[in-house]
Every structure is written in C-alpha cells, then in structure tokens.
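In: next comes the sequence, and after it the predicted model I'd like to discuss.
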Amino acid sequence: METKDSNVSQLYDLLNHIPVTKNNASKIQEIKDAIGNNDLAKALDGIKELNEALKVKKTEMKKMQNKKKKDEQEALEREKRQFEAEQINEDEVERFPEELQDLDLEEDYIGLLLYDPRYIVSYNFVYDEVCFQDDRMLNLYKSVIFVEGEKYAPEAVKSKFNFAKTTKEVYELKKQLVTRIKLQRNVTMEKVYTDLKKLFVLRRWYLKIPIKATQDKVVEIRNYELYDKMSVEEVESAVEQVTATEKFKRSILNRGLTEFLEQGENNLTTGIPLPFERLSREFKGIRKGETMAIAMPSNAGKSRFTINLVANLGFVHKKRTLVISNEMSEEKMKLCLITTVLNDPELQKLHGKKLHKTEGELLDFKFRPDEGSDVRTDENGFILQEEGESRADFVKRLANISQEFRDTIAVTDWIDKEIDNSIYFINITDNTNDELLKVIMNYYYMKHIEYVFYDTLKTDTEHIGIGEEVKKTATILSNVAQNFNMFIFSTLQLTETPTWPINLTINDLQASRTVKEVLDTLCLVKQINRENFKDYEYTIEEMDKQAYDLIEYDDPDVRYYACVVDKNRAGAKPKLLFRLNLAYNRWEELGYLRLKQQAEDREVVNE
C-alpha cells in the first residue's frame with residue numbers, strides 16, 4: 001500500500017513539473033483522472049508523452065531564438081555596412097566654407113618662412129592661434145619651428161606642438177614653395193602674415209560657434225567692403241560684435257518696403273485685441289515686442305486688472321501666459337481667476353454657464369439650493385453645512401441639491417482642461433533683476449511663453465528705496481520683449497495724492513518718473529471718489545456731443561476709475577472711464593471721460 005501511495009506521489013510530482021498550457025490542459029486532466037482511477041501505467045504513459053512534447057517544444061523555441069538572434073545580428077551587420085558606406089572620408093570634408101578658404105595665402109606664408117627662417121622670430125603663431133586649412137602646411141610650420149628655424153623660433157611658439165613628419169613628399173613640397181616665393185617678387189611677409197592672422201581669427205570663431213546663423217555672420221566679415229583695411233584687432237572686435245548682437249534683430253530698413261506695406265501683417269497691425277474696445281483701438285491691441293504698464297494706487301485693483309487681461313488672453317485668444325507676482329499669493333490669484341472666469345460675459349460664452357457668483361460667496365463656499373429642495377439655508381438663501389458634516393460630505397450633498405454648485409464645478413473643470421493655453425504662475429519676493437530675467441527666459445524656453453505679466457514692477461532687492469532703479473528693471477524687460485518678440489505687461493504703484501483722477505500725470509508715479517521712457521504704453525488709473533461723480537461725464541466716442549452722467553449705485557463694490565493714457569507709441573492718449581464690480585472682478589470700459597464745465601472751472605481756480 002505504501003509503495004502504491006509512493007508511486008502516486010511521484011506521478012503527481014512529475015505532473016506538477018509540466019507547465020499547463022491551452023494545448024495540454026485536457027491531457028493533464030486525463031492523467032489526473034487515470035491516477036484517481038489507479039490506472040498508474042496509463043498515467044505514466046501520458047506523462048512521458050507530455051514530456052516528449054515539451055522537449056520538442058523547447059527544441060523548436062531554441063531554434064526560433066537562435067534564428068531570431070542570427071537575423072538580428074545580420075540586420076546589425078547590414079546597418080553597419082550601410083552606415084560605413086554613407087560615411088564621407090574626413091579628407092573630403094572641407095572644414096571651412098569657401099569664403100574662409102585661402103590655400104595660396106597659407107602657401108605664401110610657409111614659403112616665406114622656408115625661404116628665410118629668420119622670419120619666425122616676429123611672424124609666428126602660438127599653438128592656440130594656428131588654424132591652417134591644409135594639414136600639409138601645418139606640418140611644414142612645425143618643421144620650420146623645430147628644424148629650419150629652430151634657433152630663431154621663440155620657446156613659447158614651440159610649446160604644445162609635436163615634431164613634423166619628414167618624407168620625400170614633404171621635402172619636394174618645401175622645394176616647390178621656396179621656388180614659388182622666388183618667382184613672386186612682390187610678396188611681403190608683413191602683408192601675408194597680417195592677412196593670415198585675420199583669417200585664423202575668423203576660422204577659430206567659425207569652429208567655436210555651433211550656431212549656423214552666427215557662423216554665417218562671422219563668414220560675412222571677410223566680405224566687408226573695407227575688410228582689407230581692417231587690422232587684426234578690428235577683425236576680432238567685429239567678431240565679438242557679431243556674436244554679441246546676433247540675438248538682436250537686424251535688417252536693412254529700405255529693403256522689402258512694398259511687401260511690408262501690401263501684406264500689412266506685422267506687429268504694428270496684428271496685435272491681439274484687449275477686452276476693452278477703445279483701449280485696444282488706441283494701442284492697436286496687445287503687440288509682441290512691446291511693454292505695457294498700468295499704474296494704480298495701493299490696494300486699488302492692480303492684480304485684479306491683471307487677472308482680467310490674463311483670463312481673456314488665455315481663454316478667448318488661446319495664448320499661454322506667465323504671471324509673476326510679488327503681491328498676491330497663489331491662493332488669492334486662483335480665487336480671483338475663478339471669480340473672473342465665472343462672471344465675465346465673454347468667457348461665459350465659452351464655458352456656457354451664466355453665473356453670478358461673488359468672490360466672497362466662493363470663498364465662503366456659499367451656494368443656493370435647487371427650487372423645491374428641503375434644506376436648511378441662512379438668511380440670504382445659501383445652503384448651510386450641517387453640524388458635524390465634513391467638507392467632503394457637504395460637497396457630495398451640494399452636488400445633489402444645487403445646480404449653482406454643479407455649474408460652478410463645471411466651469412472650474414473646464415478651466416482645468418484648458419491645458420494648451422495654461423496660465424503659469426510664480427510668486428517671487430526679494431528677487432534681483434537677474435533672477436527675474438532667468439524666470440522669464442526659463443518659461444520662454446520651457447513652454448514658449450510669449451505673454452508675461454509682472455505684478456508689481458519694483459526695485460530689486462539690491463536697490464530697495466532707489467526709485468531710479470525701477471527704470472533699470474523696466475529696461476531689462478523692454479530688451480527681453482524686443483529681442484525675443486514677447487509682450488510684457490507690468491503694474492506700477494501710484495502715490496496717494498489729492499490729484500483728481502482725470503488729471504493724473506507721470507509726477508504721481510511712486511517709482512522713478514523716467515521709467516516712462518522705456519515703456520511703449522503707460523496708463524495711470526485711479527478710482528473716482530463717490531462725492532465727485534457729479535463732476536464727471538463720459539461720451540461713447542471722444543468727439544460726441546451727447547454725454548452721460550456717472551450713475552451712483554448703492555452697491556459699494558461698484559466703482560468708477562479714470563484711465564489716463566500717459567504714453568502711447570501707437571497713437572493718441574485719451575482719458576477713459578472704467579466701471580469695476582469688485583465682487584465679480586468685472587471691468588467695463590464705458591467711454592471717454594471728461595469733467596463737466598463747472599467742475600473744470602473749479603479745478604482751474606484751485607490751481
């Protein structure tokens with residue numbers, strides 16, 4: 001009995017070593033049935049049959065693997081042969097473009113040295129200066145400093161060079177070059193050496209710079225009209241100027257004027273419209289290559305105005321933007337962005353939800369219930385969170401009983417999906433101008449962002465309290481905008497002065513007044529006091545006779561702002577009227593602002 005049990009155990013052990021597959025599953029079951037029926041002989045035959053099949057399978061797999069490996073090896077060999085066949089012999093590749101090739105000049109120089117090796121005393125090149133086109137000339141130069149002119153060559157000239165090769169061909173070449181000099185009576189070492197040294201300068205820079213556009217500019221130097229009169233130092237200066245200014249835009253102004261005029265597609269005419277019709281018309285829109293600044297008093301809405309522009313540019317015009325802030329935190333900016341997108345009429349057309357939610361309601365998480373819902377609300381009709389109810393549970397409940405909440409979440413989800421026109425944000429404090437520049441250029445190269453918003457433009461940490469330094473920062477931003485074809489918007493601080501909003505001037509700017517010089521557009525914006533509403537009026541168009549009074553609202557969040565265009569390189573400098581609903585961050589451009597006659601008379605008397 002024990003022997004039988006032992007045999008059964010061995011059979012099961014053998015069977016367990018055979019992997020179950022789709023093809024042998026039924027056979028394995030037959031073997032198990034045979035063991036169960038004590039038909040051990042049948043079971044053993046079945047196991048042998050499966051083992052044989054497994055051996056055959058393994059053999060086939062090994063053959064396939066070997067074949068695959070062989071095929072891969074042959075493919076690699078074919079690719080290697082193809083690669084080698086496509087390679088060009090280095091001797092056939094010209095190191096320099098045609099303009100920088102001059103074998104005659106090299107042969108004249110080496111020939112003069114061989115003719116009179118004493119020339120090497122004054123007319124030599126150290127190792128780092130040498131840049132021969134022909135390796136044979138380099139070999140002969142080494143021969144001169146170590147053989148023919150060994151006792152004349154300065155030790156500094158010999159440094160780093162190895163010895164020259166000496167063959168029958170080299171000896172014959174030396175004789176040819178000396179004969180060449182004897183036949184050219186008008187060749188002087190001073191002229192040949194100077195020309196070759198200038199050429200070496202251009203060649204070294206050509207090899208040093210990997211950017212083709214800049215290489216082409218280096219090559220172009222040899223075609224300068226007065227190149228022959230340039231000294232070696234002047235050629236070096238020209239190369240430095242080319243490499244330093246190649247990042248700047250250069251052109252010939254009187255070339256392509258007809259095409260420029262007929263096509264009309266340039267940065268002067270194709271700016272992206274601002275969300276304000278009149279301001280956009282006066283500025284010709286948001287134009288890359290320019291800087292724009294809005295100056296407002298502290299806590300007057302600079303960051304909110306910035307977010308309004310950013311949201312319009314990002315979601316209406318599908319542009320990626322970067323917001324750099326040293327004022328509002330990321331959380332405040334996010335809340336302001338949600339408020340803006342929810343309530344802005346133009347953006348509502350895109351996300352399809354017509355909502356009226358104040359920033360305060362969003363911050364306090366207040367939503368109204370659906371009609372007929374049996375829920376507890378506060379005195380203003382907003383759903384109350386139950387005592388002991390977690391925020392997560394409250395959110396789930398709101399999703400079931402509040403269409404206003406569902407619409408709000410639909411909009412924030414819509415914002416999240418607008419990945420291609422993302423609004424990037426970075427909060428920087430205590431930064432230097434160099435750090436600010438690095439931030440802008442990093443996002444430019446990383447995400448190709450061409451629209452930058454900086455809130456607020458101040459002196460950097462190295463120059464706190466020095467107003468004139470603001471101009472330096474603004475100059476850096478202006479240079480970046482021009483050189484990299486970006487639009488850079490900044491906010492500035494206005495001082496708290498008794499100046500009427502409509503009479504604002506650059507003198508009301510808290511920072512250096514000279515900052516205006518480097519800006520393309522500058523607006524001075526200030527809130528109109530409620531008690532002065534009666535002194536103002538506005539027109540739809542600037543020259544309209546029909547004027548309208550400023551309506552006085554009970555809602556303290558509704559405010560009026562005078563916008564004085566202080567600088568505009570694109571055209572006129574009007575005075576405009578804006579209405580802001582602070583709770584919704586909704587900015588409306590109403591028209592052209594002016595004082596009523598009696599108020600204007602009072603202002604003159606006061607002055």
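Out: Structure's in. What do you need?
In: when you work out contacts or count neighbours from here on, use the C-alpha atoms and nothing else.
Out: Fine.
In: name the residues of stretch 201-216 that are buried.
Out: Neighbour-count burial for stretch 201-216 flags V201, L202, R203, W205, Y206, T214, Q215 (criterion: 16 or more other C-alpha atoms under 10 Å).
In: farthest-apart pair in these, please.
Out: V201 and T214 (14.7 Å; C-alpha to C-alpha).
In: can you give me the strands for the protein?
Out: In the chain, the strands defined using DSSP state E lie at 291-297, 321-325, 423-427, 451-455, 487-494, 521-527, 536-539, 548-549, 558-568, 575-581, 586-595.
In: format those strands as JSON lines; extra columns: mean pLDDT.
Out: Conversion of these to JSON lines gives the following (pLDDT from 0 to 100):
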{"stretch": "strand 291-297", "mean pLDDT": "95"}
{"stretch": "strand 321-325", "mean pLDDT": "93"}
{"stretch": "strand 423-427", "mean pLDDT": "91"}
{"stretch": "strand 451-455", "mean pLDDT": "95"}
{"stretch": "strand 487-494", "mean pLDDT": "94"}
{"stretch": "strand 521-527", "mean pLDDT": "96"}
{"stretch": "strand 536-539", "mean pLDDT": "96"}
{"stretch": "strand 548-549", "mean pLDDT": "96"}
{"stretch": "strand 558-568", "mean pLDDT": "96"}
{"stretch": "strand 575-581", "mean pLDDT": "97"}
{"stretch": "strand 586-595", "mean pLDDT": "96"}
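In: adding distance to H17 and mean neighbour count, write those out as a markdown table.
Out: Output for these, formatted as a markdown table (distance: least, C-alpha to C-alpha, whole Å; neighbours: other C-alpha atoms under 10 Å):
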| stretch | distance to H17 | mean neighbour count |
| --- | --- | --- |
| strand 291-297 | 77 | 24 |
| strand 321-325 | 64 | 23 |
| strand 423-427 | 60 | 16 |
| strand 451-455 | 68 | 25 |
| strand 487-494 | 72 | 24 |
| strand 521-527 | 83 | 25 |
| strand 536-539 | 94 | 21 |
| strand 548-549 | 96 | 14 |
| strand 558-568 | 83 | 22 |
| strand 575-581 | 79 | 21 |
| strand 586-595 | 76 | 20 |
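In: so who does T473 touch?
Out: When contacts are counted by C-alpha atoms under 8 Å, 6 or more residues apart in numbering, T473 touches N433, L457, K458, T459, D460.
In: try L590
Out: Y538, I540, L576, L577, F578, R579.
In: and which of the residues you listed is nearest V518?
Out: L576 (23.0 Å).
In: quick check: that closest one vs D520, distance?
Out: 18 Å (C-alpha to C-alpha, to the nearest Å).
In: next: W587.
Out: 23 Å.
In: ok, L226 next?
Out: L226 is 38 Å from D520, by C-alpha to C-alpha.
In: which one of these two is surrounded by more residues?
Out: D520 (17 against 9; other C-alpha atoms under 10 Å).
In: so V242 touches D216, yeah?
Out: No. With contact defined as C-alpha atoms under 8 Å, V242 does not reach D216; the gap is 10.0 Å.
In: export the contacts of T473 to TSV and tack on neighbour count?
Out: Formatted as TSV, the contacts of T473 follow (neighbours: other C-alpha atoms under 10 Å):
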residue	neighbour count
N433	18
L457	22
K458	26
T459	24
D460	21
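In: in TSV, list those along with distance to E418.
Out: Below are the contacts of T473 laid out as TSV (distance: C-alpha to C-alpha, whole Å):
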residue	distance to E418
N433	31
L457	28
K458	32
T459	34
D460	34
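In: among those, which one sits closest to Y443?
Out: When those are compared against Y443 (criterion: C-alpha to C-alpha), the nearest one is N433, at 15.8 Å.
In: pLDDT wise, what is that closest one at?
Out: We have a pLDDT of 87 for N433.
In: now the one 10 residues further on
Out: As summarised for this prediction, Y443 has a pLDDT of 86.
In: now E603
Out: 55.
In: need the contact list for I120.
Out: L113, V144, I145, G149, Y152, A153.
In: ok, for the most centrally placed residue in the chain, nearest residue in space, not its chain neighbours?
Out: Of all residues in the chain, the one closest to the mean position by C-alpha atoms, centre = their mean is Y444, 1.5 Å from it. Among residues not flanking Y444 along the chain, E450 sits closest, at 6.6 Å (C-alpha to C-alpha, 6 or more residues apart in numbering).
In: on that earlier part again, of all the strands of the chain, which one is nearest M64?
Out: strand 423-427 (54.0 Å).
In: what distance do you get for the closest residue in space to I540 that isn't next to it in sequence to I294?
Out: Leaving out its chain neighbours, the residue that sits closest to I540 by C-alpha to C-alpha, 6+ apart is G591, at 4.7 Å. G591 sits 18 Å away from I294, going by C-alpha to C-alpha.
In: surely I401 meets S373?
Out: Yes. Under the criterion of C-alpha under 8 Å, I401 makes contact with S373 at 6.6 Å.
In: these two: who's more crowded?
Out: With neighbours defined as other C-alpha under 10 Å, I401 and S373 compare such that I401 has more, 20 against 11.
In: for that one, which residues are in contact?
Out: I401 neighbours (C-alpha under 8 Å, 6+ apart): P369, D370, S373.
In: which one of those is nearest to T475?
Out: P369 (53.2 Å).
In: what residues does that closest one make contact with?
Out: Neighbours of P369 in contact, by C-alpha under 8 Å, 6+ apart: V375, G381, F382, I383, L398, I401, S402, Q403, E404.
In: repeat for T475
Out: So T475 contacts V518 (C-alpha under 8 Å, 6+ apart).
In: with Y127 as the reference, measure out to it.
Out: 43 Å.
In: cool, F283 as well?
Out: 58 Å.
In: more neighbours: which of these two?
Out: Using other C-alpha under 10 Å, the more surrounded residue of F283 and Y127 is F283, with 25 against 13.
In: surely the more buried one and G571 touch.
Out: Yes. Between F283 and G571 a contact is recorded at 6.9 Å, counting by C-alpha under 8 Å.
In: so how far is the longest helix seen in the chain off the chain centroid?
Out: For the chain, the longest helix by residue count, based on DSSP state H, is helix 40-86. On the basis of C-alpha atoms, centre = their mean, to the nearest Å, helix 40-86 sits 52 Å off its chain's mean C-alpha point.
In: before we move on, what about stretch 556-567?
Out: 33 Å.
In: export only the CA atoms of it, formatted as PDB.
Out: Only the C-alpha atoms of stretch 556-567 are listed here, as PDB (Å, rounded to 0.1, in the frame of the first residue of the first chain):
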ATOM      1  CA  PRO A 556     -20.200  99.700  -2.600                       C
ATOM      2  CA  ASP A 557     -18.500  97.100  -4.800                       C
ATOM      3  CA  VAL A 558     -19.400  99.100  -8.000                       C
ATOM      4  CA  ARG A 559     -16.700 101.700  -8.600                       C
ATOM      5  CA  TYR A 560     -15.500 104.100 -11.300                       C
ATOM      6  CA  TYR A 561     -12.000 104.500 -12.500                       C
ATOM      7  CA  ALA A 562     -10.300 107.200 -14.600                       C
ATOM      8  CA  CYS A 563      -7.800 105.800 -17.000                       C
ATOM      9  CA  VAL A 564      -5.300 108.400 -18.300                       C
ATOM     10  CA  VAL A 565      -3.200 107.100 -21.200                       C
ATOM     11  CA  ASP A 566       0.100 108.900 -20.400                       C
ATOM     12  CA  LYS A 567       2.200 107.200 -23.100                       C
END
